[in-house]
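Engineer: the amino acid sequence is not available; the structure is as follows:
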């Protein structure tokens, strides 16, 4: 599978090493670390990785989640909560089944910080939000345990996904969507639809809407063409 495991700002080297080992256990080689808060190549991480040191050494580092997801088409993020206007939480089986519908296309499975998970802005970059059901008395899972549960569930569906027919409605690449949203935000600020102090929140709602729609590459191209034409028209009629 062309799948990346993405850890956002991991703080514990033991967790990072354990996740590297899990990636090797389940046949995944792409580990991406977003602004790690620990030494992922240090002694503690290597000790937990055991025979998966190669995964640690080949791990890619990114400054933020958008950069880590730029080449991905399907993104699943793990969460325990979310604001109303974004995606609903779904089961591991549902989310991971969707993620593996087209195994040849690049995808990502995103896990948040050990202490506070993912921000709402980060969650809005996913096409599905995965929630692992736990007991009501203590629902917080260790990061590496959560990764292990998801990768085990992922492998259960791997064979079926490999035999699935290709999907012509494949979601767009993340970098294209983010570029289109950037163009749209600039224009909406220029014409006064957005204001600097509210732009982030309103664009977050637009991002969530497009994620729910699983917008495709050709639709992103249409959106960017509309923005360019509207900017041209606005500039043409300026006094």
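Structural biologist: Perfect, thanks for sending it. Remember, predicted model here, so these are calculated numbers, not experimental data. Numbers count the residues shown, from 1 in each chain.

Engineer: how about the helix or strand harbouring residue 181: buried residues?
Structural biologist: Element membership for residue 181, per DSSP states H and E: helix 174-190. Neighbour-count burial for helix 174-190 flags 174, 176-178, 180-181, 183-185, 187-188 (criterion: 16 or more other Cβ atoms under 10 Å). All C-beta spots, glycine's among them, are computed from the backbone N, C-alpha and C.

Engineer: contact partners of that helix?
Structural biologist: 66, 69-73, 75, 125, 194-196, 199, 203, 206-207, 210, 215, 217, 220-221, 223-224, 227-228, 230-231, 234 (Cβ atoms under 8 Å, 6 or more residues apart in numbering).

Engineer: can you list which of these are found in strands?
Structural biologist: residue 75 (DSSP state E).

Engineer: now the contacts of helix 174-190: which count as buried?
Structural biologist: 66, 69-70, 72-73, 75, 125, 194, 203, 206-207, 210, 215, 220, 223-224, 227.

Engineer: return the list of helices and strands in contact with the lengthiest helix in the chain.
Structural biologist: Ranked by number of residues, the top helix in the chain under DSSP state H is helix 217-236. Counting contacts by 3 or more Cβ pairs under 8 Å, 6 or more residues apart in numbering; DSSP states H and E, helix 217-236 packs against helix 174-190.

Engineer: next, the angle from the helix it packs on to helix 217-236.
Structural biologist: Going by axes from the mean of the first three to the mean of the last three Cα atoms, to 10 degrees, helix 174-190 is angled at 20 degrees with respect to helix 217-236.
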